[in-house]
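In: The sequence and its predicted three-dimensional model are supplied below.
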Amino acid sequence: MAETLYRKYRPQIFADVAEQEHILRTITKQLATNTVAHAYLFSGPRGVGKTTIARLLAKALNCEKRIEGTFEPCNECSACLDFVQGRMLSCVEIDAASQTGVDNVRENIIENARFAPTRGKYKVFILDEVHMLSSSSFNALLKTLEEPPSHAIFILATTELHKIPATIASRCQRFEFHRVAPVVMMPRLAKIAVAEGVQVDDDVLAQISRLSEGCLRDGESLLGQVVALGEKHITKDIAMLVLPMTNLALVADMIEHIADGELKVAIDKLNAFVNDGGSVKHLVEEMLEYIRAVMFAALGDTSNDLYDEKTLSRIRSAASTMGTKKACTFLDALLVARVRQSLPAIPQIPLEIAILGLDTIEGPSRTYVRDPQPVSAPVSSAPSNSPLLRGRDLDPVVSIAPAVSMLPEQSAPSIAPLRYDFEQATKDRLANAAANIVSSIPLNSAAPAFPLSEIVDKWERCCAYVAERNVALPLILRGAKPASVDGDVVTISCQYAFHSEALKDAKARLLIEAAILDVLQKAVTIVSVHIPQKAESDAVTSFVSELGGTFE
């Protein structure tokens, strides 16, 4: 069985470890000065070297030929060779994810730590994924960590530091591992490829570095898949046979066109991508990540571990053209496009809207200013039979809002910006309420658009139309009936007050109006009223009378 690349090329000395300079400097200094701690806690993402450095520390501590004042293991003595081949009994590796019970901790760690190593100076315990231990296991381990034997050293490794009890973490020297940047990962991958006798293009190495998301082990695994193709020269086209597809080049091109204001070109590239079978969902995800980097680059932060130097250069160029405000606006639009639904046949519509929405940023900005004329009640200006006043309940936001006008900043420099005047708003609200009351009085009844009997006869068809588009409304409509037709205003009477209120909802009202338009071919306005049945009214009157009350 062939050995995987990340095991085959695992570092055997500290100098071969990629990144983690802040950790290597401390640990190698402790080795050189013989001041090694009794317990360490390594935390960080997967595949960045936690277990590798733990093994190197254990090997260096037990190396038989390590010179005083140095830190690198010799890799020649029998102890080092046993470490390489996994036969060193003085190094105990425990997978805490599969041995979470307190009995395992007592047997494998606590009892084992009491005895001196049969070979070497130290017995090193490496606990991978230590956060998986149970609470009782941590409690059992606590005393040993607090007062360990002089020959025992504990190295705890975890990817979820927040799950480690504070009592455990406080007894360890803590080191936080960082993700491996592409500029560090690419030379290491290239070195491995050369050792395997394969030439890999820089574009492929950059793509692998990006897909690995800073985890060197993932990068080496992906490189192993590419090498397994059996080609001596791996180009981007060949690598795409096994590597997950990335749209970084397309994203960079589209952002550059958007930054230059060439929105039509960007949309053409988007449509070509969709026509070729590309996934809009994954494209939006990559654009979010990329435009975020552009936004921070516009703020002056050009350090980004997710991209290689060539891509970072394009990000800086786009940032200088786009600017912080436009990048932030586009980032917000992409977040909206990410959750907005679209037609299955045209999945790119939300992204197209997000791109075209940037066109408004280039136009002149506008300021909302108050109309200098006071708002008056439109009593005489609106006819009494107007459906806007008589038939439809006015939107509460529209009915109380003061009148405003939109004027360009250049044309009205002397007008103050809009300020919300509560006193004036109250006057406006009262004026609009008075207008609604006056206009609702039927001074002159208009001729009906059609006979009442026509809508009564076809009411079931209207209810069926609504039922196809709404589940709850038909239950209300079957207990309601058309009461009158006045011009183009149709009054619907409801037996219960809450049914009448439900029909006043804007969506419900528009749906019923659409049903009448479809069935009767007449555009009308719906008004719902509560007209209780006589039996209900008599029952209420009797109940009030029994309690000694009266109706006023």
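Out: On my side now, so go ahead. Numbering: from 1, shown residues only.

In: Give me the residue ranges of the chain where confidence is low.
Out: 1-2, 302, 304-305, 360-447, 532-552 (pLDDT under 70).

In: What ranges does it have for its strands?
Out: Under the criterion DSSP state E, strands of the chain are mapped to 39-43, 91-95, 123-128, 152-158, 173-176, 199-200, 233-234, 366-370, 404-408, 480-486, 489-494, 525-530.

In: Quick check: which of these is nearest to Q341?
Out: strand 525-530 (28.7 Å; Cβ to Cβ). Placement of C-beta: from N, CA and C, glycine included.

In: Format the strands of the chain as a markdown table; extra columns: distance to L223 and mean neighbour count.
Out: Converted to a markdown table, those look like this (distance: least, Cβ to Cβ, whole Å; neighbours: other Cβ atoms under 10 Å):
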| stretch | distance to L223 | mean neighbour count |
| --- | --- | --- |
| strand 39-43 | 25 | 23 |
| strand 91-95 | 26 | 19 |
| strand 123-128 | 24 | 24 |
| strand 152-158 | 24 | 24 |
| strand 173-176 | 26 | 15 |
| strand 199-200 | 7 | 18 |
| strand 233-234 | 9 | 16 |
| strand 366-370 | 54 | 14 |
| strand 404-408 | 58 | 12 |
| strand 480-486 | 70 | 18 |
| strand 489-494 | 71 | 21 |
| strand 525-530 | 67 | 20 |
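
In: could these go into TSV alongside distance to E146?
Out: Putting the strands of the chain into TSV (distance: least, Cβ to Cβ, whole Å) gives the following:
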stretch	distance to E146
strand 39-43	9
strand 91-95	19
strand 123-128	15
strand 152-158	11
strand 173-176	14
strand 199-200	50
strand 233-234	53
strand 366-370	66
strand 404-408	70
strand 480-486	76
strand 489-494	75
strand 525-530	75
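
In: Out of those, which is closest to P182?
Out: Closest among the strands of the chain, using Cβ to Cβ: strand 199-200, at 14.3 Å.

In: For the closest one, which helices and strands make contact with it?
Out: With contacts taken as 3 or more Cβ pairs under 8 Å, 6 or more residues apart in numbering; DSSP states H and E, strand 199-200 sits against helix 182-195, strand 233-234.

In: The longest helix belonging to the chain vs helix 182-195, what angle?
Out: If you go by DSSP state H, the chain has its longest helix at helix 309-339. For helix 309-339 against helix 182-195, the angle by axes from the mean of the first three to the mean of the last three Cα atoms, to 10 degrees is 110 degrees.

In: Could you say which of the helices and strands packed on strand 199-200 is packed most deeply?
Out: Among those, helix 182-195 has the highest mean neighbour count (mean count of other Cβ atoms under 10 Å), at a mean of 18.

In: Which other helices and strands does that one contact?
Out: strand 199-200, helix 202-211, helix 216-227.

In: Now for T35: which residues touch it?
Out: With contact taken as Cβ atoms under 8 Å, 6 or more residues apart in numbering, T35 is in contact with K29.

In: Including distance to T167, could the helices and strands packed on strand 199-200 go into TSV?
Out: Shown next, in TSV, are these (distance: least, Cβ to Cβ, whole Å):
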stretch	distance to T167
helix 182-195	36
strand 233-234	50
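
In: quick check: domain ranges of this protein?
Out: 5-176, 182-239, 248-362, 367-439, 452-535 (automatic domain parsing).

In: all helices of the stretch 1-150 of the chain, in order?
Out: Per DSSP state H, counting those that start in this stretch, the stretch 1-150 of the chain carries helices over the ranges 5-8, 21-33, 50-62, 78-84, 102-105, 111-113, 135-146.

In: which residues make contact with the shortest one from outside it?
Out: Contacts made with helix 111-113 from outside it, assessed by Cβ under 8 Å, 6+ apart, are listed as V92, K123, F125, T144, P148, P149, A152.

In: mind running it again at 6 Å?
Out: If you take Cβ atoms under 6 Å, 6 or more residues apart in numbering as the criterion, helix 111-113 is touched by T144, P149, A152.

In: What is the burial count for the second one?
Out: By the other Cβ atoms under 10 Å criterion, the neighbourhood of P149 contains 14 residues.

In: Contacts only, for it.
Out: Applying Cβ under 6 Å, 6+ apart to P149 gives the contacts A113.

In: same thing but at 8 Å, please
Out: Here P149 is in contact with A113, R114, A116 (criterion: Cβ under 8 Å, 6+ apart).

In: same check, this time on the first one
Out: Contacts for T144 (Cβ under 8 Å, 6+ apart) come out as I109, I110, A113, A152, F154.

In: now, the most widely separated pair of the residues you listed?
Out: I110 and F154 (11.1 Å).

In: Please list all residues in contact with the residue positioned nearest the centre of the chain.
Out: What sits nearest the mean C-alpha location of the chain, by Cα atoms, centre = their mean, is L335, with 7.8 Å. By Cβ under 8 Å, 6+ apart, the residues touching L335 are L288.

In: redo that, cut-off 6 Å
Out: Contacts of L335 (Cβ under 6 Å, 6+ apart): none.

In: And for A327?
Out: I291, V294, M295, A298.

In: Pretty sure R314 is one of the things V294 touches, is it not?
Out: No. Counting by Cβ atoms under 6 Å, V294 sits too far from R314 to count as a contact (9.3 Å).

In: the more surrounded of those two?
Out: Neighbours per residue, other Cβ under 10 Å: of V294 and R314, the larger number sits with V294, 30 against 19.

In: if we can go back for a sec, which one, of the helices and strands packed on strand 199-200, ends up nearest to T321?
Out: helix 182-195 (23.8 Å).

In: between that closest one and helix 202-211, how many degrees?
Out: If you take the same axes, to 10 degrees, helix 182-195 sits at 120 degrees to helix 202-211.

In: What's the separation between F177 and A58?
Out: Distance from F177 to A58, counting by Cβ to Cβ, to the nearest Å: 17 Å.

In: okay, the two: which has more neighbours?
Out: Set F177 next to A58 and count neighbours by other Cβ under 10 Å: A58 wins out with 25 against 21.

In: Let me know whether that one touches F125 as I believe.
Out: No. With contact defined as Cβ under 6 Å, A58 does not reach F125; the gap is 9.1 Å.

In: mind listing what's buried in stretch 211-218?
Out: For stretch 211-218, burial by neighbour count (16 or more other Cβ atoms under 10 Å) applies to L211, S212, G214, C215, L216, R217, D218.

In: Let's have those in JSON lines, adding distance to L510.
Out: Output for those, formatted as JSON lines (distance: Cβ to Cβ, whole Å):
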{"residue": "L211", "distance to L510": "49"}
{"residue": "S212", "distance to L510": "52"}
{"residue": "G214", "distance to L510": "52"}
{"residue": "C215", "distance to L510": "53"}
{"residue": "L216", "distance to L510": "59"}
{"residue": "R217", "distance to L510": "58"}
{"residue": "D218", "distance to L510": "53"}
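
In: Right, I'll leave it there.
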